[in-house]
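Peer 1: okay, sequence plus prediction incoming.
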Amino acid sequence: MNFAKIERSGALAAMMLAMLCADTAVALSLATPAPAPGAKVRARDLGIPFDGTPGPLNAITDVAGVTVGQTTLNGGDVHTGVTAILPRGAASQKDPVFAGWFSQNGNGEMTGTTWVEESGFLAGPVMITNTHSVGTVRDAVIKWHVARGDMDPEGDAWSLPIVAETWDGWLNDINGFHVTPQNTIDALNNAHGGPVTEGNVGGGTGMICNGYKGGIGTSSRHLSAKEGGYTVGVLVQCNFGVRPNLRIAGIPVGREIPAPEPYVYMPSDLGEHGSIIVVVATDAPLLAHQLKRVARRVTLALGRAGSISGDSSGDIFIAFSTANPGAGVAEKAVAVQMMPNGAMNPIFQATVEATEEAIDNALIAAEDMTGMHGRKVIALPHAALQAVLRKYNRLVQ
């Protein structure tokens with residue numbers, strides 16, 4: 001460029017100055033916003049673009065009636081916990097919801113799903129913990145129901161709780177069996193609506209995702225009035241993937257961000273050993289077979305995030321609808337509402353969008369962790385992530 005000509009032209013000089021000022025303003029606008037006191041940074045705070053309209057909380061609790069409780073065990077060699085999702089809050093056991101589940105790759109566990117498949121209903125909460133605490137959590141849920149009087153007066157009722165897991169044994173002393181029945185009961189008792197804490201919390205405390213610290217994440221989508229005005233909410237426990245495959249906003253950020261030095265070897269370096277549990281909630285009037293269709297769409301979001309659902313991955317999803325209250329306890333023929341199959345595309349799209357964002361929220365809310373045997377896993381570095389997305393013009397300006 002011939003700068004001498006620019007200097008001789010006042011108009012051109014003014015234009016260059018304006019462009020410089022504009023670039024500076026854009027750079028300032030891309031800085032990470034300061035979160036509210038006590039709040040964690042989320043994906044949108046970093047300027048990551050997403051499709052669709054989130055609910056007010058951008059969380060699974062945007063679906064009316066859904067509550068979430070968590071117990072976190074984090075200290076020494078213990079980095080684990082329990083997360084509880086209650087479809088109808090405290091009334092979840094007594095008023096089952098229509099539900100469907102799907103296993104993309106079954107190297108994992110989600111108890112109680114054979115009855116969900118058979119009956120089409122989910123009674124009680126969905127629990128998420130670590131692999132070796134599934135039995136403890138399952139039994140504790142039944143004890144919690146009995147203590148609350150959720151069973152029938154004669155005590156003849158039975159319960160098949162939904163308990164899912166991912167493996168946190170790289171950071172957590174998983175064979176120490178540190179999750180107790182009381183930890184499970186505490187998660188159930190502290191379940192509430194409103195904002196959901198993400199990152200190193202609950203069942204996600206010791207999880208690793210795409211080579212970075214993983215954990216709990218959530219998001220939601222609100223459909224337009226033309227699409228029915230329904231809400232779809234998602235909660236994930238992320239423990240899947242390998243660093244080179246990680247994609248955010250369509251960009252292969254895992255290949256662009258250098259590995260930390262010194263780099264600590266992890267099992268995921270050998271291939272996709274981790275897992276992900278996804279819970280989808282909606283207030284749309286969907287029946288069990290339709291909710292199974294919804295659960296299947298989660299796989300599309302995993303593909304967007306870079307997952308291949310490897311042989312050792314437990315990728316298991318459950319979807320439920322809070323519509324049609326009372327249908328699960330009716331003693332005679334009951335009328336239910338059902339969305340036409342042809343009208344479900346917005347629900348499918350919302351599920352994919354919210355799942356993708358929930359995964360990103362889990363990664364971005366997570367924090368560095370030093371676990372058992374001094375193993376350290378870093379969180380996804382925000383500044384480096386923004387730099388890569390800026391390079392590809394994928395930051396919201």
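Peer 2: That came through, no problem. Numbering: from 1, shown residues only.
Peer 1: which residues does Pro56 contact?
Peer 2: Pro56 sits next to Asp62 when contact means Cβ atoms under 8 Å, 6 or more residues apart in numbering. C-beta here means a position set from N, CA and C on the backbone, and glycine is covered the same way.
Peer 1: gap between it and Ala64?
Peer 2: The gap separating Pro56 from Ala64 is 11 Å, by Cβ to Cβ, to the nearest Å.
Peer 1: tell me the mean pLDDT over stretch 112-128?
Peer 2: With pLDDT averaged residue by residue, stretch 112-128 scores 98.
Peer 1: export that stretch to CSV, keeping only CA atoms.
Peer 2: Below are the C-alpha coordinates for stretch 112-128, written out as CSV (Å, rounded to 0.1, in the frame of the first residue of the first chain):
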residue,chain,number,x,y,z
GLY,A,112,-34.8,-48.6,34.8
THR,A,113,-35.0,-48.1,31.0
THR,A,114,-36.5,-51.5,30.2
TRP,A,115,-39.7,-50.4,32.0
VAL,A,116,-39.6,-47.0,30.3
GLU,A,117,-39.4,-48.9,27.0
GLU,A,118,-42.2,-51.2,28.0
SER,A,119,-44.6,-48.8,29.7
GLY,A,120,-43.8,-45.5,28.0
PHE,A,121,-43.6,-43.7,31.4
LEU,A,122,-41.0,-42.4,33.7
ALA,A,123,-41.9,-42.3,37.4
GLY,A,124,-39.6,-40.4,39.8
PRO,A,125,-36.3,-38.6,39.1
VAL,A,126,-33.5,-39.1,36.6
MET,A,127,-30.2,-39.5,38.6
ILE,A,128,-26.7,-39.2,37.3
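Peer 1: now do the helices in this structure.
Peer 2: When assigned using DSSP state H, the helices of the chain occupy the ranges 3-7, 10-29, 113-119, 134-148, 181-189, 253-256, 288-296, 298-305, 345-365, 382-391.
Peer 1: pull the number of nearby residues for Thr131.
Peer 2: A total of 18 residues lie near Thr131 under the criterion other Cβ atoms under 10 Å.
Peer 1: is it true that it touches Gly169?
Peer 2: Yes - under the criterion of Cβ atoms under 8 Å, Thr131 lies in contact with Gly169, with a separation of 7.4 Å.
Peer 1: and Arg44, which of the helices of the chain is closest to it?
Peer 2: Shortest separation from Arg44 across the helices of the chain is recorded for helix 345-365, at 8.0 Å, computed as Cβ to Cβ.
Peer 1: so what secondary structure elements neighbour that closest one?
Peer 2: Contact here means 3 or more Cβ pairs under 8 Å, 6 or more residues apart in numbering; DSSP states H and E; on that basis helix 345-365 packs against strand 208-209, strand 215-222, strand 231-239, strand 275-282, helix 288-296, helix 298-305.
Peer 1: tell me which residue is most central in the chain.
Peer 2: Ranked by distance to the mean C-alpha position of the chain (Cα atoms, centre = their mean), the top residue is Val236 at 2.3 Å.
Peer 1: name all residues that make contact with His145.
Peer 2: Contacts were defined as Cβ under 8 Å, 6+ apart; by that measure His145 touches Gln93, Gly124, Met151, Ser159.
Peer 1: so what's Ile248 scoring on pLDDT?
Peer 2: Residue-level confidence at Ile248 comes out at 98, pLDDT.
Peer 1: meant to ask about Pro258
Peer 2: Taken from the predicted model, the pLDDT recorded for Pro258 is 85.
Peer 1: roughly how far apart are it and Gly211?
Peer 2: With distances defined as Cβ to Cβ, the gap from Pro258 to Gly211 amounts to 12 Å.
Peer 1: again, but for Pro181
Peer 2: Computed with Cβ to Cβ, the distance linking Pro181 and Gly211 is 34 Å.
Peer 1: one step back: out of the contacts of His145, the closest to Lys40 would be?
Peer 2: Using Cβ to Cβ, Gly124 is the member of these that sits closest to Lys40, with 28.9 Å.
Peer 1: contacting residues around the closest one?
Peer 2: The contact partners of Gly124, by Cβ under 8 Å, 6+ apart, come to Leu86, Ser92, Gln93, Val141, His145, Asp150, Ser159, Pro161, Ile162.
Peer 1: picking up where we left off before, tell me which of the helices and strands packed on helix 345-365 sits nearest to Gly193.
Peer 2: strand 231-239 (11.1 Å).
Peer 1: next one: the closest one to chain centre, how far?
Peer 2: Relative to the mean C-alpha coordinate of its chain, strand 231-239 is positioned 3 Å out (Cα atoms, centre = their mean, to the nearest Å).
Peer 1: pretty sure Ala274 sits against Arg243.
Peer 2: Wrong residue type there; residue 274 is Gly, not Ala. No - using Cβ under 8 Å, Gly274 and Arg243 do not qualify as a contacting pair, with a distance of 11.6 Å.
Peer 1: which one's more surrounded, those two?
Peer 2: Taking Gly274 and Arg243 together and counting by other Cβ under 10 Å, Gly274 has the greater number of neighbours (31 against 20).
Peer 1: ok, back up a step: tell me which of the helices and strands packed on helix 345-365 is the most buried.
Peer 2: Of the helices and strands packed on helix 345-365, the one with the most neighbours on average (mean count of other Cβ atoms under 10 Å) is strand 231-239, at a mean of 31.
Peer 1: what residue ranges in the stretch 51-200 of the chain score low on pLDDT?
Peer 2: When the per-residue scores of the stretch 51-200 of the chain are filtered using pLDDT under 70, the ranges that remain are 152-156.
Peer 1: got a list of what the nearest residue to Gly55 once chain neighbours are set aside touches?
Peer 2: Spatial nearest neighbour of Gly55, excluding adjacent residues (Cβ to Cβ, 6 or more residues apart in numbering): Asp62 at 3.0 Å. Residues in contact with Asp62 (Cβ under 8 Å, 6+ apart) are Pro54, Gly55, Pro56, Ser220, His222, Thr231, Gly233.
Peer 1: show me which of the residues you listed is closest to Arg297.
Peer 2: When these are compared for distance to Arg297 (Cβ to Cβ), Gly233 wins out at 14.2 Å.
Peer 1: from Val41, how far off is the spatially closest residue to the closest one that is not a sequence neighbour?
Peer 2: Excluding its sequence neighbours, the residue lying closest to Gly233 (Cβ to Cβ, 6+ apart) is Ile60, at 3.5 Å. For Ile60, the distance to Val41 equals 19 Å [Cβ to Cβ].
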